[in-house]
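1. the following block contains a protein sequence and its predicted model.
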Amino acid sequence: MPGSKLFGLFGARRLPAEVRTALALEPRERVISHAHTPGGDYHVATTQALHLPGGIRLPWHLMDKAVWDEKGVTVTMTDGAVHRALLPEPGLLPETIRERVTASIVASRHVPLGARGGVRLVARRVPGYDAPQWEFVFDPGLDPADPGLRALAEQALEEVRRSLGV
């Protein structure tokens, strides 16, 4: 019944078939939630990524953080890239993004690397891999290309892996 509250709650939330078809979904990837933008586009959360208009695919395991405000979300990726999405009515996207990013993290430890700062060692579940994939997130001001710093981070990673059994 188009006029009923149930239709408004459930019928209006259905992702249009043409939007679903246009998504470049991986095998076994399925849609979880979505939100309609003021410009008529859709942001779609799937089991593996957040899909933005224009074919932009942000895999959960590559997201560092997502910050919401009254206008939408700002997503920062592990490589530092930032994506802004205007979503005045985000629907279930905030909960979905939080759950999917959190579920991708197996372990996260910050390890000091001297007086200048440290590194966050993060193990994440990555689709297609049985073992978690580790990444280094160096504190601001530290050069990830510095071979000495990298060696310290590798040593710290081995100690963390041994202590966690991961």
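-> Thanks, I have the structure now.

2. what residues sit buried inside the strand or helix carrying H83?
-> Assigned by DSSP states H and E, H83 falls within strand 82-86. Using 16 or more other CB atoms under 10 Å as the test for burial, strand 82-86 gives 83, 85. In this view, the C-beta of every residue, glycine as well, is placed from N, C-alpha and C.

3. kindly report the same for stretch 16-31.
-> Neighbour-count burial for stretch 16-31, counted by 16+ other CB under 10 Å, picks out 19, 23, 25, 29.

4. mind listing residues that contact it?
-> 15, 34, 42, 44-49, 51, 55, 57, 127 (CB atoms under 8 Å, 6 or more residues apart in numbering).

5. now, the most widely separated pair of the residues you listed?
-> With distance counted by CB to CB, no two of those lie farther apart than Y42 and P127, which are 22.0 Å apart.

6. just the strands in this structure please.
-> Taking DSSP state E as the criterion, the chain contains strands spanning 31-36, 42-46, 49-52, 56-59, 63-69, 72-77, 82-86, 105-112, 118-124, 133-138.

7. tell me the strands beside the second one, with direction?
-> Spelled out, that is strand 42-46. Paired with strand 42-46 in the same sheet, following DSSP bridges, are strand 31-36 (antiparallel), strand 49-52 (antiparallel).

8. before we move on, what about the last one?
-> Looking at strand 133-138 with DSSP bridges, its paired strands and their directions are strand 118-124 (antiparallel).

9. what comes up buried for the partner strand?
-> Using 16+ other CB under 10 Å as the test for burial, strand 118-124 gives 118-119, 121-124.

10. mind checking how far R120 is from R28?
-> 30 Å (CB to CB, to the nearest Å).

11. same deal with L164?
-> Applying CB to CB to L164 and R28 gives a distance of 28 Å.

12. what's the longest helix in this protein?
-> The helix that spans the most residues within the chain, counting by DSSP state H, is helix 147-164.

13. thinking again about what came up before, drop the exposed ones from the contacts of stretch 16-31 and show what's left.
-> Among the contacts of stretch 16-31, the ones that count as buried by 16+ other CB under 10 Å are 34, 42, 44-49, 51, 57.

14. what is the nearest of these to D69?
-> A45 (18.3 Å).

15. need the nearest residue in space to the closest one, chain neighbours excluded.
-> T96 (4.3 Å; CB to CB, 6 or more residues apart in numbering).
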